[in-house]
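Colleague: Dropping a prediction and its sequence here:
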Amino acid sequence: GAVVSQHPSWVICKSGTSVKIECRSLDFQATTMFWYRQFPKQSLMLMATSNEGSKATYEQGVEKDKFLINHASLTLSTLTVTSAHPEDSSFYICSAPTGTGVYGYTFGSGTRLTVV
Amino acid sequence: DAKTTQPTSMDCAEGRAANLPCNHSTISGNEYVYWYRQIHSQGPQYIIHGLKNNETNEMASLIITEDRKSSTLILPHATLRDTAVYYCIVRDSGNTPLVFGKGTRLSVIA
């Protein structure tokens, strides 16, 4: 089936640095990618929607200058957390429609970000 | 906001059937019922979906009431590896993002 490969699985970074998370669709073209954030013991919260070749759409309360999303090709979308702070520590997950209509979406395996 | 209501948690004995309920009383005619699960520290995994008929696949069965206001996900023979948070989501067939509620934390006990 359709697979979204997400890297890295986990990352620890110092406060003030930037971290890039990549999601690649391995056997299908992802014209759209959804980015979620999940804090401990909470549900997934949609952060933004990216479409290949256009600017991302951010949910209310998500800082677009802090969470930079690039979707330059049909198989790669990236999320860069800029000037990370401890409160950005979270589990970040990407998801893409598999292009098979009602058959739902495929999720990446997630990235655990810890900012120290 | 999520359009579904699920119990916060459930326990199930290993080998027994796990029945997870979901209320979606405001579901509209073109919306499907989807079930996903999330094992700890992993991305969500698709389980099954349906519109109005009952559905079965290799993982589970989905029973949707005739008025479509509620549904039940059935794992026929739960194993320890089925311990996860199960999310019931309603959505139409377009490429809109999935909206997750709080889900049900299923614990399968040996």
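Modeller: Thanks, I have it.
Colleague: Going by proximity to chain B, name the top residue of chain A.
Modeller: Closest residue of chain A to chain B, Cβ to the nearest Cβ: residue A:107 (3.5 Å). Yep, even glycine has a C-beta here, placed from its N, CA and C like the rest.
Colleague: Got the phi and psi for residue B:82?
Modeller: Dihedral pair for residue B:82: phi -90, psi 0, per degrees, to the nearest 10.
Colleague: count of residues packed around it?
Modeller: Using other Cβ atoms under 10 Å in any protein chain shown, residue B:82 has 19 neighbouring residues.
Colleague: give me every residue that touches it.
Modeller: Counting by Cβ atoms under 8 Å, 6 or more residues apart in numbering or on different chains, residue B:82 makes contact with B:12, B:18, B:37, B:75, B:106, B:108.
Colleague: So which bits of chain A are right by chain B?
Modeller: With the criterion set to Cβ under 8 Å from any Cβ of the partner chain, chain A comes near chain B through A:4, A:6, A:32, A:34, A:36, A:43-46, A:49, A:91, A:93, A:95, A:97, A:101-110, A:112.
Colleague: Pull out the buried residues from those.
Modeller: A:4, A:6, A:32, A:34, A:36, A:43-44, A:46, A:49, A:91, A:93, A:95, A:97, A:103-110 (16 or more other Cβ atoms under 10 Å in any protein chain shown).
Colleague: circling back: verify the contact between the residue of chain A closest to chain B and residue B:39 for me.
Modeller: No: with contact defined as Cβ atoms under 8 Å, residue A:107 does not reach residue B:39; the gap is 11.5 Å.
Colleague: Return every residue with contacts to both of those two.
Modeller: Shared contacts of residue A:107 and residue B:39 (Cβ under 8 Å, 6+ apart): residue B:45.
Colleague: Can you list the strands that whichever helix or strand residue B:37 is part of pairs with?
Modeller: Assigned by DSSP states H and E, residue B:37 belongs to strand B:32-38. Sheet pairing of strand B:32-38 (DSSP bridges) gives strand B:45-50 (antiparallel), strand B:84-91 (antiparallel).
Colleague: ok, the residue in chain B that chain A sits nearest to - contacts?
Modeller: In chain B, the residue that lies nearest chain A is residue B:43 (3.5 Å; Cβ to the nearest Cβ). The contact partners of residue B:43, by Cβ under 8 Å, 6+ apart, come to A:4, A:6, A:93, A:95, A:107-110.
Colleague: Just to be sure, it is in a helix?
Modeller: No: checked against DSSP: H, G, I helix; E, B strand; the rest coil, residue B:43 lies outside a helix; its state is coil.
Colleague: if we can go back for a sec, farthest pair within the contacts of residue B:82?
Modeller: Within the contacts of residue B:82, two members stand farthest from each other by Cβ to Cβ: B:12 and B:37, at 13.3 Å.
Colleague: Comparing the two, which residue is more hemmed in?
Modeller: Neighbour count, other Cβ under 10 Å: between residue B:12 and residue B:37, residue B:37 has more, with 23 against 19.
Colleague: these two touch, right, the more buried one and residue B:86?
Modeller: Yes: using Cβ under 8 Å, residue B:37 is in contact with residue B:86, at 4.8 Å.
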